[in-house]
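> Sharing a sequence plus its predicted fold:
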Number of protein chains: 2
Amino acid sequence: MIEIKHLKTLTTLNATGSLIETARQLHLTQSAISHQLKELEGRLNCALFIRKSRPIRFTVSGLRLLDLAEQVLPQINNAERDVARFCSGNAGRLHMAIECHSCFQWLMPAIDKFRDSWPEVELDFCSGFSFLPLPALKRGDLDLVVTSDPQPIEGISYIPLFCYQPMLALSRHHRLAHKSYIEAEDLSQETLITYPVEKERLDIFNLFLTPEGVSPAKIRHADLTLMMLQLVASGRGVAGLPNWALFEYLQKDYVVARRLGKEGIWNTLYAAVREEQQGMAYLQDFIKTAISCCFKDLKGIKVASTEAPYFEN
Amino acid sequence: MIEIKHLKTLTTLNATGSLIETARQLHLTQSAISHQLKELEGRLNCALFIRKSRPIRFTVSGLRLLDLAEQVLPQINNAERDVARFCSGNAGRLHMAIECHSCFQWLMPAIDKFRDSWPEVELDFCSGFSFLPLPALKRGDLDLVVTSDPQPIEGISYIPLFCYQPMLALSRHHRLAHKSYIEAEDLSQETLITYPVEKERLDIFNLFLTPEGVSPAKIRHADLTLMMLQLVASGRGVAGLPNWALFEYLQKDYVVARRLGKEGIWNTLYAAVREEQQGMAYLQDFIKTAISCCFKDLKGIKVASTEAPYFEN
DNA sequence: TTTTATTATGAATTTTTTTCAAGTATTGTT
DNA sequence: AACAATACTTGAAAAAAATTCATAATAAAA
């Protein structure tokens, strides 16, 4: 009668409040979701939610099923993980590197969860920018690299995690703060505060300044997100940071954020792994865990398509 | 990944010990079950049971999923029942009659369970043979009749419960006890002990004696199964009873049982309901509960096809 | 009221599930 | 140990179900 996919659909419908967004998250069309729910309501002979309202509201029956989903879905996840542990060897190594400092915010809880499930897996991570992580991954010194700048390297495959919006953080009193979006030219007289990495590894250059041939007046480095934002708030410059990393500081009114270009920019964060390791149970579980942590903890991110990244050459 | 149907399949596979019997219970071909499990093992990349043994044995992974099923399936059933209660009115009437005395054995636990789930439904039942139950059902005096002898009555539909084998109970020392099966002619010199109903309502006449044109030497009535078996054990006659009703007495060696005719006879027990009531949630739930109780408690019964009975005219 | 965004629906298409038919393996029997 | 009987596997065909596409209907926002 009722199926697990129904519980998943209802759960994300509850989270999103609309069919169309549910469809996006589940990588289906809105039509498919509509058909699926109609079919289920037909089987149960019972309305599950009230359509003529936004956000959608659930009936008692719908709520009862949400309740069921909350019980059942974690149980199923646990069982699947256990089975994966029994089957594949449950020991292994997971050494990872993060190209983006801010990522620690969501990576920490994900790693904690993972350690509980796979105590035998040897965990290690580094975020230093003292070496190039993708070649290290290729060599086998690393097993997973979190990057927003995938390179077409033989034997490396990229699994999309989520989409985010690189934005510009400004002091509330900054001369650009009145604009609803920032143009590349605006930055030619500004001090840009970045993480201490080469320009080529920074979204704001790759996707915004370099294509327009603009350079900021001055570049200044800072190690920590919080330090960058203190500098911004103190009027020492502006900073390019992902929207989800800015969220809590925006709420506290430390700074304001503006999108880059009229339409804004969307970029995708990937987990890079060696192709031959991609099927390994604990790796897959780590990535699954990481994604679910992101969508729980971060505001403003979107689901990525399941597709591998497209390389021009 | 894993679906509810998989959990159901694994559960009944555990109960039956073979794919072929699992298939029968789930109303599928054995091939379908084989494909389904192979597909699941492929998805999990993991063997769930060891094929080269009968009865089939589960791997640790298989056992883990059985465990999951045991947690999850009842939760789902409860939720579905709750939804049914919310949607349809949760009050109503369920007056039933049983044509077969022995049926109390499995009906009692089913009724107990049902009362817990649907406290608002007014329950009543009678097993007297003082009136014809099917016309009473048609009139609306009853809501459900348990019968093994469906009549083609306009507006009445029959839902199969299970298949059983009417058998002949004999004293261990009876002159026919050495035969592996009973022929109609054998009974022409015997005293047949039956429930106090007309011959036309008894399986042993309908399906065995009447077609062969044989009558027993004498007919004697008894109210209770246990009383009938005491009479049989005391050599006062023989009795026709369903195999599942005899099971516990056979184990205690009170009596022996022989099948009717060389191939034995199989008959189906039905729940008769008024067509317009058939869709009602609590009725459907009662029948579902009854069936599951039967298969838990009774030995020797088989699943019935989902088909309505076939009437010759 | 018009516009925009969301949801519903029917038909076409794709994917999945099931059955059929035939082959292989296992068990139990003589 | 060979035989039959029963149970399971497998690939292809058929049937059923899910998904998409195109479009209509509906609700919210401007």
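Here it is on my side, so go on. From a predicted model like this one, the values you see are computed outputs, not experimental measurements. Residues are numbered from 1 along each chain as shown, chains lettered A, B, ... in the order given.
> C-alpha from now on. contacts and neighbour counts both.
Will do.
> what about the helix or strand in which A:Ile76 is found and chain B, touching?
Using DSSP states H and E, A:Ile76 falls within helix A:60-87. Yes: applying C-alpha under 8 Å from any C-alpha of the partner chain, one finds helix A:60-87 in contact with chain B at A:60-61, A:64-65, A:68, A:72, A:75-76, A:79-80, A:82-84, A:86-87.
> Next SSE downstream of that helix?
That would be, after helix A:60-87 and using DSSP H and E, strand A:92-98.
> Could the C-alpha coordinates of whichever helix or strand comes after that following strand be exported in PDB?
Toward the C-terminus, strand A:92-98 is succeeded by helix A:104-117 as the next helix or strand (DSSP H and E). Extracted C-alpha coordinates of helix A:104-117, given in PDB (Å, rounded to 0.1, in the frame of the first residue of the first chain):
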ATOM      1  CA  PHE A 104      34.300  23.400   8.400                       C
ATOM      2  CA  GLN A 105      31.000  24.700   9.600                       C
ATOM      3  CA  TRP A 106      29.100  21.800   8.100                       C
ATOM      4  CA  LEU A 107      31.900  19.300   7.800                       C
ATOM      5  CA  MET A 108      32.400  19.000  11.600                       C
ATOM      6  CA  PRO A 109      29.000  17.600  12.500                       C
ATOM      7  CA  ALA A 110      29.100  15.300   9.400                       C
ATOM      8  CA  ILE A 111      32.500  13.900  10.500                       C
ATOM      9  CA  ASP A 112      31.200  13.400  14.000                       C
ATOM     10  CA  LYS A 113      28.200  11.400  12.800                       C
ATOM     11  CA  PHE A 114      30.300   9.400  10.400                       C
ATOM     12  CA  ARG A 115      32.800   8.400  13.100                       C
ATOM     13  CA  ASP A 116      30.000   6.900  15.200                       C
ATOM     14  CA  SER A 117      28.900   4.700  12.300                       C
END
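> which other helices and strands contact whichever helix or strand comes after helix A:104-117?
Later in the chain than helix A:104-117, the nearest helix or strand by DSSP H and E is strand A:121-126. Using 3 or more C-alpha pairs under 8 Å, 6 or more residues apart in numbering or on different chains; DSSP states H and E, the elements in contact with strand A:121-126 are strand A:92-98.
> can you give me how far the strand it packs on is from the chain middle?
Computed by C-alpha atoms, centre = their mean, to the nearest Å, the separation of strand A:92-98 from the middle of its chain amounts to 18 Å.
> List, one by one, the residues from the stretch 1-150 of chain A near DNA strand D.
A:27-33, A:35-36, A:52-54 (C-alpha under 7 Å from any atom of the strand).
> Now do A:Ser188 against A:Arg51, distance only.
50 Å (C-alpha to C-alpha, to the nearest Å).
> ok, now A:Phe125?
On the measure of C-alpha to C-alpha, A:Phe125 and A:Arg51 end up 47 Å apart.
> give the contact list for the residue lying farthest from the centre of chain A.
Distance from the C-alpha centroid of chain A peaks at A:Asn45, with 38.3 Å (C-alpha atoms, centre = their mean). Counting by C-alpha atoms under 8 Å, 6 or more residues apart in numbering or on different chains, A:Asn45 touches B:Cys87.
> change it to 10 Å
A:38-39, B:83-84, B:87-88, B:279, B:281 (C-alpha atoms under 10 Å, 6 or more residues apart in numbering or on different chains).
> neighbours around A:Cys100, how many?
A:Cys100 sits with 20 neighbouring residues when counted by other C-alpha atoms under 10 Å in any protein chain shown.
> related to what we said a few turns ago, show me which of the residues of helix A:60-87 next to chain B neighbour DNA strand C.
Counting by C-alpha under 7 Å from any atom of the strand, no member of the residues of helix A:60-87 next to chain B reaches DNA strand C.
> which one among these gets closest to DNA strand C?
Checking the residues of helix A:60-87 next to chain B against DNA strand C by C-alpha to the nearest atom of the strand gives A:Ser61 as the nearest, at 16.0 Å.
> Next, count neighbours for that closest one.
22.
> Name the nearest residue to it, sequence neighbours excluded.
B:Val83 (5.1 Å; C-alpha to C-alpha, 6 or more residues apart in numbering or on different chains).
> Now A:Leu231. Nearest residue, chain neighbours left out?
A:Gly237 (6.7 Å).
> Need the pLDDT of A:Asn14.
Looking at A:Asn14, its pLDDT stands at 94.
> I'd say A:Thr16 and A:Thr22 touch.
Yes: between A:Thr16 and A:Thr22 there is a contact under C-alpha atoms under 10 Å: 6.2 Å.
> out of those two, which sits in the more crowded spot?
Between A:Thr16 and A:Thr22, counted using other C-alpha under 10 Å, A:Thr22 has the larger neighbour count: 23 against 16.
> I figured the more buried one hits A:Ile56, correct?
No: contact criterion C-alpha under 10 Å: A:Thr22 and A:Ile56 do not qualify, at 11.5 Å.
> And the lowest-mean-pLDDT helix or strand in chain A, what's buried?
Here the helix or strand of chain A ranked lowest by mean pLDDT, DSSP states H and E is strand A:121-126, holding a mean of 84. Within strand A:121-126, the residues scored as buried using 16 or more other C-alpha atoms under 10 Å in any protein chain shown are A:Val121.
> I'd like the next helix or strand past it.
Next along from strand A:121-126, by DSSP H and E: helix A:133-139.
> any idea how far A:Ala47 is from chain B?
Separation of A:Ala47 from chain B (C-alpha to the nearest C-alpha, to the nearest Å) stands at 8 Å.
> swap in A:Leu144?
22 Å.
> Identify the bridge partners of A:Leu94.
A:Leu123 (DSSP bridges).
> gap between it and chain B?
Relative to chain B, and taking C-alpha to the nearest C-alpha, A:Leu94 is found at 21 Å.
> Repeat that for A:Leu170.
On the measure of C-alpha to the nearest C-alpha, A:Leu170 and chain B end up 45 Å apart.
> For the most centrally placed residue in chain A, list the residues it contacts.
Chain A has A:Phe162 as the residue nearest its centroid, 3.4 Å off, counting by C-alpha atoms, centre = their mean. Going by C-alpha under 10 Å, 6+ apart, A:Phe162 touches A:148, A:267-271, A:291, A:294-295, A:301-306.
> Mind picking the lowest-pLDDT entry from these?
Lowest pLDDT of the contacts of A:Phe162: A:Thr306, 72.
> circling back to that earlier point, the inter-axis angle of the least confident helix or strand of chain A versus helix A:104-117?
160 degrees (axes from the mean of the first three to the mean of the last three C-alpha atoms, to 10 degrees).
> Can you list the neighbours in contact with strand A:121-126?
Applying C-alpha under 10 Å, 6+ apart, the contact partners of strand A:121-126 are A:90-99, A:111, A:114-115, A:133, A:142-145, A:282-283.
> Mind giving me the ChimeraX select for those residues, buried ones only?
Here is the ChimeraX selection string for the buried members of the contacts of strand A:121-126, based on 16+ other C-alpha under 10 Å:
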select /A:90,94,95,96,97,98,99,111,114,133,142,143,144,145,282,283
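> now the strands for the stretch 101-250 of chain A?
A:121-126, A:144-147, A:156-164, A:166-170, A:181-182, A:191-194, A:218-221, A:238-242 (DSSP state E, counting those that start in this stretch).
> Note down every partner strand of the second one and its orientation.
Each strand that pairs with strand A:144-147, with its direction, by DSSP bridges: strand A:92-98 (parallel), strand A:267-274 (antiparallel).
> closest to A:Ile2 out of those?
Nearest to A:Ile2, of all these, is strand A:267-274, at 34.1 Å by C-alpha to C-alpha.
> Tell me how far that closest one lies from the chain's centre.
From the chain centre to the centre of strand A:267-274 is a distance of 10 Å (C-alpha atoms, centre = their mean).
> cool, and stretch A:247-257?
19 Å.
> ok, and the closest non-adjacent residue to the residue of the stretch 151-300 of chain A found nearest DNA strand D?
Closest contact between the stretch 151-300 of chain A and DNA strand D, by C-alpha to the nearest atom of the strand, is at A:Ser180 (16.1 Å). Nearest residue to A:Ser180, sequence neighbours excluded (C-alpha to C-alpha, 6+ apart): A:Arg258, at 6.4 Å.
> How much space separates that neighbour from A:Arg236?
For A:Arg258 relative to A:Arg236 (C-alpha to C-alpha), the value is 17 Å.
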